[in-house]
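Chemist: sequence and predicted structure, then a few things I'm wondering about:
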Amino acid sequence: MVHARAPVDSRRDGCIHALGARSAVHHEVLEDQHTCNRDHRTVRRIDGAVRRAAAAVFGFDPDGLLGTLVFEGSHVHASDSRCGTGNVFHIIVLLYLPCLATNEHMIGLFDSGLGGLTVVRRVRELLPHHDVVYLADQAHVPYGDRSPEELLHLMRLNVGWLDAQGVNAIVMACNTSCATAELNGYPKTHAPVLDLIESSAIAVHDAGFTRIGVIATTATVRTGAYARRIQALSPHVRVHEIAAPALVPLVEAGDIDGEAPRQAVREVCAQLPHDIEAVILACTHYPVLDEHFAAVLGSQIARIDPAIEQAGRTAALAAARSIPAGSGHVRYVTTGDVDAFRSNVRRIMNHDEAHCELHIHA
């Protein structure tokens, strides 16, 4: 695997239920020391998360929201009166308050499923004491077979969800979502967004390759985003993109050993030009199958995992923005099967235990 840049020194969570009502209901803020950190800074941070979540649901400026919060057990209630509309929107947000109260600074990542864990793993190698929240949108995996309209909606939803958690940086761990953003742009966020395809382009440029193969999802290849981003930085590089729709389902199913994944990788690599110097594993699921890519491609063709560069850029951003270390806690969230997700997290991340939660998009 190519390390193109040296490391830089330096139950049901967030589920938003939106209800429209005709009459105003006013709440007083009630502080419960058993469920809420009473520190004012923490209260403001939760308040901001609720406002951003409400803005994502209703499509208006979070700074224009007026409202109060009520803490009741594990629920946070917020009411907002929109001047001149005659309506009051009541947003009930189920928040995991202990986590929000103790993690003042977090790095957020998301992917369609298990693949983004390969990025989390690389980030943890460089920032082992920083707190992380990872969202796996397994209710909609695989992304590679979805329409551009669906992908745009999901990208905005997932980026918005992370931003609503109050993360200090959004580290993209889904190439297909990055390809979607390359065409449509990212939604407005409070946190800076690190693009994974940009990291790939930097890795190619720094390594000096001139003939590159890109293995990606069908949706990513359809956009042509990889060739554009690589050639924008390195105009002389020849890029050949190949869709590999069979690989993500294998990883999600846990079918990563034996002949079936080896044959699937072999069939994909057979489509590569014979004179390429390196192959980008342009879906974060694919490094899980790196053993098979290594066996099929041999030692003469370099394999580029964009997560390595992405992690280096994350460490640089954390240093530049003075994002402090925390407890090293990783919060794993899925929109799919929590038990299966927990098992796969333990296997891929080599954890004996992993705190996993269910999130259901509104």
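Modeler: Sure, I can see it.
Chemist: let me know the helix or strand that Phe293 is in.
Modeler: helix 290-297 (DSSP states H and E).
Chemist: show me what that helix is packed against.
Modeler: With contacts defined as 3 or more CB pairs under 8 Å, 6 or more residues apart in numbering; DSSP states H and E, the packing partners of helix 290-297 are helix 259-269, strand 278-281, strand 302-304. Where you see a C-beta, it was placed from the backbone N, CA and C, and this is true even at glycine.
Chemist: so what angle separates the directions of it and helix 259-269?
Modeler: 50 degrees (axes from the mean of the first three to the mean of the last three CA atoms, to 10 degrees).
Chemist: what average pLDDT does helix 290-297 get?
Modeler: For helix 290-297, the mean pLDDT works out to 98.
Chemist: cool, and stretch 107-114?
Modeler: On average, the pLDDT along stretch 107-114 is 97.
Chemist: list the buried ones in the helix holding Phe293?
Modeler: 290, 292-293, 296-297 (16 or more other CB atoms under 10 Å).
Chemist: and that helix, how far out from the chain middle?
Modeler: Centre-to-centre, helix 290-297 and its host chain are 26 Å apart (CA atoms, centre = their mean, to the nearest Å).
Chemist: who's in contact with that helix?
Modeler: 1, 261-262, 264-266, 269, 279, 281, 286, 303, 305 (CB atoms under 8 Å, 6 or more residues apart in numbering).
Chemist: could you export the residues you listed as a markdown table, including distance to Thr217, pLDDT and neighbour count?
Modeler: A markdown table is the format used below for the contacts of helix 290-297 (distance: CB to CB, whole Å; pLDDT from 0 to 100; neighbours: other CB atoms under 10 Å):
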| residue | distance to Thr217 | pLDDT | neighbour count |
| --- | --- | --- | --- |
| Met1 | 20 | 66 | 14 |
| Pro261 | 16 | 98 | 20 |
| Arg262 | 20 | 98 | 16 |
| Ala264 | 14 | 98 | 19 |
| Val265 | 15 | 98 | 25 |
| Arg266 | 18 | 98 | 15 |
| Cys269 | 16 | 98 | 20 |
| Val279 | 15 | 98 | 25 |
| Leu281 | 12 | 98 | 27 |
| Tyr286 | 10 | 98 | 28 |
| Arg303 | 17 | 98 | 18 |
| Asp305 | 16 | 98 | 26 |
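Chemist: got the contact list for Ile301?
Modeler: 213, 276-279.
Chemist: walk me through the domains of this protein.
Modeler: 15-101, 103-193+323-358, 197-308 (automatic domain parsing).
Chemist: isn't Pro289 right next to Val251, touching?
Modeler: I think there's a mix-up here, since residue 289 is Leu and not Pro. Yes - Leu289 is within contact range of Val251, at 6.8 Å (criterion: CB atoms under 8 Å).
Chemist: any weak-confidence spans in the protein?
Modeler: For the chain, the stretches with pLDDT under 70 are 1-104, 361-362.
Chemist: how about the nearest residue to the residue nearest the centre of it, chain neighbours excluded?
Modeler: For the chain, Phe110 is the residue whose C-alpha lies nearest the centre (CA atoms, centre = their mean; 1.5 Å). Leaving out its chain neighbours, the residue that sits closest to Phe110 by CB to CB, 6 or more residues apart in numbering is Leu135, at 4.0 Å.
Chemist: the one you found: which element?
Modeler: strand 132-136.
Chemist: after that strand comes which helix or strand?
Modeler: helix 148-164.
Chemist: beyond that following helix, next helix or strand please.
Modeler: Next along from helix 148-164, by DSSP H and E: strand 169-172.
Chemist: residues making contact with the helix or strand following that following strand?
Modeler: Next helix or strand after strand 169-172 toward the C-terminus (DSSP H and E): helix 175-184. With CB under 8 Å, 6+ apart as the test, helix 175-184 has contacts from 110-112, 143-144, 148, 151-152, 154-155, 158-159, 172, 195-198, 216-217, 219-220, 223, 225-226, 228-229, 282-284, 306.
Chemist: residues contacting the helix or strand just after helix 175-184, please?
Modeler: Toward the C-terminus, helix 175-184 is succeeded by strand 193-194 as the next helix or strand (DSSP H and E). With contact meaning CB under 8 Å, 6+ apart, strand 193-194 is reached by 159, 169-172, 186, 310, 313-314, 317.
Chemist: partner strands of strand 193-194, with direction?
Modeler: The strands beside strand 193-194 in its sheet (DSSP bridges) come out as strand 169-172 (parallel).
Chemist: ok now the partner strand, how far from the chain's centre?
Modeler: 7 Å.
Chemist: check stretch 327-341 too.
Modeler: That offset, for stretch 327-341, works out to 12 Å (CA atoms, centre = their mean).
Chemist: how about it as CSV, C-alpha atoms only?
Modeler: Taking only C-alpha atoms (Å, rounded to 0.1, in the frame of the first residue of the first chain), the coordinates of stretch 327-341 have been written out as CSV:
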residue,chain,number,x,y,z
SER,A,327,-10.7,10.6,25.7
GLY,A,328,-10.2,8.7,22.5
HIS,A,329,-13.8,7.7,22.4
VAL,A,330,-15.3,6.5,19.1
ARG,A,331,-19.1,6.6,18.8
TYR,A,332,-20.3,4.2,16.1
VAL,A,333,-23.8,5.0,14.6
THR,A,334,-25.7,3.0,12.0
THR,A,335,-29.0,3.4,10.2
GLY,A,336,-29.1,-0.3,9.7
ASP,A,337,-28.8,-3.5,11.9
VAL,A,338,-27.1,-2.5,15.1
ASP,A,339,-26.1,-6.0,16.1
ALA,A,340,-24.5,-6.9,12.8
PHE,A,341,-22.9,-3.5,12.7
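Chemist: perfect, that will be all.
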